[in-house]
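Q: for reference, the sequence and a predicted model appear below.
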Amino acid sequence: MKKRMLLAVLVALFGFVLIACKPAEPTVPTEPTVPTEPTDPTTPTLTAITFSGISSTIQDIEFEAVFNVLDGITATGNDGINYTSQIT
């Protein structure tokens, strides 16, 4: 009885494997498309901001002097835009 059950399971498993291994259908080639021209030149994206003027500001501070931390500091993005006014 166990042998027949095992044989039935193996035959069913073999059948599932054969069905799953069906060869793929050949793909139908499509017509070539006409290349399009770019409509808008790509603009650089902002990925980094460089701060300058930091070292000179730190060196010129006198003891107990009132100062603004942002004096003399500029921020420029790698996209060429000045971001100094947006520093908080």
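A: Looks like it arrived, so ask away.

Q: what is the burial count for Thr84?
A: 13 (other C-beta atoms under 10 Å). For the C-beta atoms, the positions are set from N, CA and C on the backbone; glycine is no exception.

Q: quick one, grab the pLDDT at it.
A: As predicted, Thr84 sits at a pLDDT of 91.

Q: same check on Pro38?
A: 67.

Q: same deal with the one 4 residues further on?
A: If you check Thr42, the pLDDT there is 70.

Q: what's the closest non-adjacent residue to the residue nearest to the spatial centre of the chain?
A: Closest to where the C-alpha atoms of the chain average out (C-alpha atoms, centre = their mean) is Thr47, at 11.8 Å. Nearest non-adjacent residue to Thr47, counting by C-beta to C-beta, 6 or more residues apart in numbering: Asn78, 5.9 Å away.

Q: which parts of this protein are strands?
A: Taking DSSP state E, the strands of the chain run over residues 49-52, 74-77.

Q: out of these, indicate the one that is most buried.
A: Across these, averaging neighbours per residue (mean count of other C-beta atoms under 10 Å) puts strand 74-77 on top, at a mean of 16.

Q: what packs against that strand?
A: strand 49-52 (3 or more C-beta pairs under 8 Å, 6 or more residues apart in numbering; DSSP states H and E).

Q: quick one: contacts of the strand it packs on?
A: 73-78, 83 (C-beta atoms under 8 Å, 6 or more residues apart in numbering).

Q: so how far is the longest helix anywhere in the chain off the chain centroid?
A: If you go by DSSP state H, the chain has its longest helix at helix 2-20. Distance of helix 2-20 from the chain centroid (C-alpha atoms, centre = their mean, to the nearest Å) equals 47 Å.

Q: and the average pLDDT for that helix is what?
A: 89.
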